[in-house]
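# Take a look and give me a structure for this.
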Amino acid sequence: MAALAWLLIPLLAAIGAGLWGSWANRTRSTRSDGPELDGYARFRKAMEKQP
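Below you'll find the model as predicted:
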């Protein structure tokens, strides 16, 4: 019975990690890359102006 309890610990940890991973990916997917791409475009334009 004690071995079964020790096997449940990694199982619960894996389930918790899967739930956290799906939640973290869900909140991150709503962000867009717009501001980063705009900043990169401004950087490229500034670099092209210099001799």
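# use CA for all of it now, contacts and neighbours both
Fine.
# What is the helix or strand hosting L7 packed up against?
Using DSSP states H and E, the element containing L7 is helix 2-29. Helices and strands touching helix 2-29, by 3 or more Cα pairs under 8 Å, 6 or more residues apart in numbering; DSSP states H and E: there are none.
# Quick one: name whatever helix or strand follows that helix.
helix 34-49.
# chain center to that following helix: distance?
Distance of helix 34-49 from its chain centroid, counting by Cα atoms, centre = their mean, to the nearest Å, is 24 Å.
# average pLDDT across it?
Averaged over helix 34-49, pLDDT sits at 88.
# per-residue pLDDT, G21?
If you check G21, the pLDDT there is 91.
# Next, count neighbours for N25.
11 (other Cα atoms under 10 Å).
# Same question for L37.
L37, neighbours per other Cα under 10 Å, totals 11.
# Let the chain start at 12 from now.
Shifting the count to begin at 12 puts that one at L48.
# Against W31, how distant is it?
According to Cα to Cα, to the nearest Å, L48 and W31 sit 28 Å apart.
# Name the residues of the helix holding L18 that are buried.
The neighbour-count check on helix 13-40 (16 or more other Cα atoms under 10 Å) flags nothing as buried.
# how far is that helix from where the chain is centred?
Offset of helix 13-40 from its chain centre (Cα atoms, centre = their mean): 16 Å.
# For Y51, see how far away L18 is.
In terms of Cα to Cα, L18 sits 49 Å off from Y51.
# Sorry, slip of the keys, the one I care about is W31.
Counting by Cα to Cα - W31 and Y51 are separated by 32 Å.
# now swap in A28 and tell me
For A28, the distance to Y51 (Cα to Cα) stands at 34 Å.
# next one: S33
30 Å.
# same deal with E59?
E59 is 12 Å from Y51, by Cα to Cα.
# who's more crowded, these two?
Remark: of E59 and Y51, Y51 carries more neighbours, 12 against 9, as counted by other Cα under 10 Å.
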